[in-house]
Structures are given as C-alpha cells and as structure tokens.
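Undergrad: no sequence on this one, just coordinates:
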C-alpha cells in the first residue's frame, strides 16, 4: 500500500535560514504529490502540488519542492525562513493508477526563531 | 468567497452517545471529503462524495461511522455509540470535482471531538 514518510516531526530554524522539510513516498509508480500547510488555528491549505511536467514546483510564500523519481522524494524548501512560516506541514500523495484518496504523512512542525 | 465551514468547532460527549458533525462545502464544489486527524498522526481518509455517484466509504473505520450528503451541498458525519478512540479532529474538504487525484482540496477548520 502507498505510504508517505516525513522525516522529523519537528524542525527548528533561525529566521533567514534555509528550510528543508523531507518527504518520501513508497510506490514504484510515482504518485501525484502535494504539500499542505496548517497555520495555527487555521485549516489546511495547499502550498504546491506536482502532477506532471517540470519536476521543480513553485508554490505560495516562496516555497518550492522538487520531485526526484530516483530518490522517491518530494522535499519542500524555502531559501530564507520567515517567522510567519511557523506552522505544521503535511506531505500527501494520491495514486495515479487507482485514484485513491489523499494519503497524508504525519506532519512536520516548523518552528522559526529570531 | 466563503470557504469550507464546519460545525460545531468543538464537541465534548460521553462514551456511548451519538454525535453529528456538519460540513458546508464551497459553493459549486461537487467533491467532498471527510478526514480524521488523531493527535500526532497524519490525516486519515474516511469518506468521499462526488456529485450523485455512490460515495467511497472505504476509509470508514467501523459501522458506527456513517455520512450523508444532500446533493452537492451540506454533509453530515455521524458517529454512533462513541468510543474514547474516536477522539480526534474531524476535517472536511471540498474540491471542484475534477479528477480527485489532482484536484486541490480546500479544508475547513475542523471539529475537535472529545469523548470522555
């Protein structure tokens, strides 16, 4: 069965530092890939998604992610963290062949210190 | 425009009682999803509605869980004879209704259910 692994339940960075949140998926057929963010006391919102085409995907708020088939990864990055980036980030996949529901990782909480 | 809304925002109930959770999707969205988020866990898919098609109930954890949707509008998730392990945040999402593999889902704020 398809699964998603997010390495690190909690990541802490300083303001201005690089943000790297890791996501790996399990299937041999690359799925559709998503990153969602949940700000405190708000609902989840889509940051970016990869369905087809260019493997480097740009999202909102300066985030981007690169699909690497050889590494079965879809890591999320941002060159310079801002205090407002503090939130919980979820990686999710859906199966291209079976059209199943989104399968979410357990989430990574990002803390940003000044 | 208005986003996905859910009510109540918080619900505390006693073990064995039935509860109903409500979701109002974004107007015009034909697809609606329910998820459950337990503390420290990712989101678990529960059920999916798409237009007038039969819902995909494959994620419902037991027959105590059921959901209905009226046309392409409001949905209710019902949990009968609640158990303590049902305590979680229940999230509803809607999407425009294209292929759900690539559709962007828009989430509501969730209902936090606590079963004592």
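TA: Nice, I can see it. Only a predicted model underlies this, so the values are computations on that prediction, with no experimental measurement involved.
Undergrad: where does the spatially most central residue of chain B land in three-state SS?
TA: Nearest to the mean C-alpha position of chain B, by CA atoms, centre = their mean, lies residue B:34 at 2.9 Å. The three-state label given to residue B:34 by DSSP: H, G, I helix; E, B strand; the rest coil is strand.
Undergrad: What strand or helix carries the closest residue in space to it that isn't next to it in sequence?
TA: Closest residue to residue B:34 apart from its sequence neighbours, by CB to CB, 6 or more residues apart in numbering or on different chains: residue B:46 at 4.2 Å. Any C-beta I mention is one placed from the backbone N, CA and C, and that applies to glycine too. Using DSSP states H and E, residue B:46 sits within strand B:43-50.
Undergrad: next one: residue A:37
TA: strand A:32-38.
Undergrad: For that strand, which outside residues touch it?
TA: A:21, A:23, A:25, A:44-51, A:59, A:63, A:65, A:67, A:74, A:76, A:87-96, A:102, A:104, A:107, B:101-102, B:107 (CB atoms under 8 Å, 6 or more residues apart in numbering or on different chains).
Undergrad: Adjacent strands (with direction) for the lowest-mean-pLDDT helix or strand in chain A?
TA: Scoring the helices and strands of chain A by mean pLDDT, DSSP states H and E places strand A:103-104 at the bottom, with a mean of 90. When pairs are called by DSSP bridges, strand A:103-104 turns out to pair with strand A:87-94 (antiparallel).
Undergrad: If you count neighbours, what's buried in the strand it pairs with?
TA: Under the neighbour-count criterion of 16 or more other CB atoms under 10 Å in any protein chain shown, strand A:87-94 has A:87-94 buried.
Undergrad: Good, wrapping up.
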